[in-house]
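Novice: Need a 3D model of the sequence below.
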Amino acid sequence: MKEQRIAKLQSLLAADPNDSFARYALALEYGGMNDTEQAVRLLEEVLRRDPHYVPAYQQLGYCYQRTGRRDDAVAIFKQGMEQASQQGDSHARGEMQEALDEILG
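Specialist: Alright, predicted model coming up:
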C-alpha cells in the first residue's frame, strides 16, 4: 500500500517538481517507513523550493530530533515559528514552540 502511495506521489512530482505538498507527503511516507534520511532530504528540498511551507519546518524538526541533530532541530523550529508567525498560523507556531521547549528543557 505504501509503495503505491509513494509511486503516485513520485509521479505527481515528475509532472510538477514544484509541488510542495506532494514532496512533503512523500517525505511523510518515507518517515512512516523509518527512512528518516530520505524524509530529511525531501523536507529540506521542500524548504529550498518553498521556504513558506510551514508544515515542512515542523516535520523536519521532528526528523532532526529523531536522528540526534539537536542544533539543527532547534534552528529549524525557530525558522518555522518565524514563518508561521508571519502567516498567522498560531497552531503550527505553538506546536513548534512546544517541541523547542522540550528540546531546550
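
Novice: what bits of the protein have low per-residue confidence?
Specialist: Across the chain, nothing is flagged by pLDDT under 70.

Novice: residue nearest the centroid of it?
Specialist: residue 56 (2.7 Å; Cα atoms, centre = their mean).

Novice: so that residue touches residue 25, yeah?
Specialist: No. At 10.7 Å, residue 56 and residue 25 do not qualify as touching, with contact defined as Cβ atoms under 8 Å. The way it works is simple: take the backbone N, C-alpha and C, and place the C-beta from them, glycine included.

Novice: residues in contact with stretch 13-29?
Specialist: Contact with stretch 13-29 is made by 2, 5-6, 9-10, 12, 38-40, 42-43, 45-46, 49-50, 53, 55-56, 59, as judged by Cβ atoms under 8 Å, 6 or more residues apart in numbering.

Novice: Of those, just the buried ones, PyMOL syntax please.
Specialist: In PyMOL syntax, the buried subset of those is picked out as below (16 or more other Cβ atoms under 10 Å):
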select buried, resi 9+12+38+39+40+42+43+45+46+50+53+55+56+59
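
Novice: what comes up buried for the longest helix seen in the chain?
Specialist: Using DSSP state H to define each element, the chain has its longest helix at helix 70-87. Using 16+ other Cβ under 10 Å as the test for burial, helix 70-87 gives 72-74, 76-77, 79-81, 83-84.

Novice: So which other helices or strands are in contact with it?
Specialist: On a contact count with 3 or more Cβ pairs under 8 Å, 6 or more residues apart in numbering; DSSP states H and E, helix 70-87 meets helix 54-66, helix 90-104.
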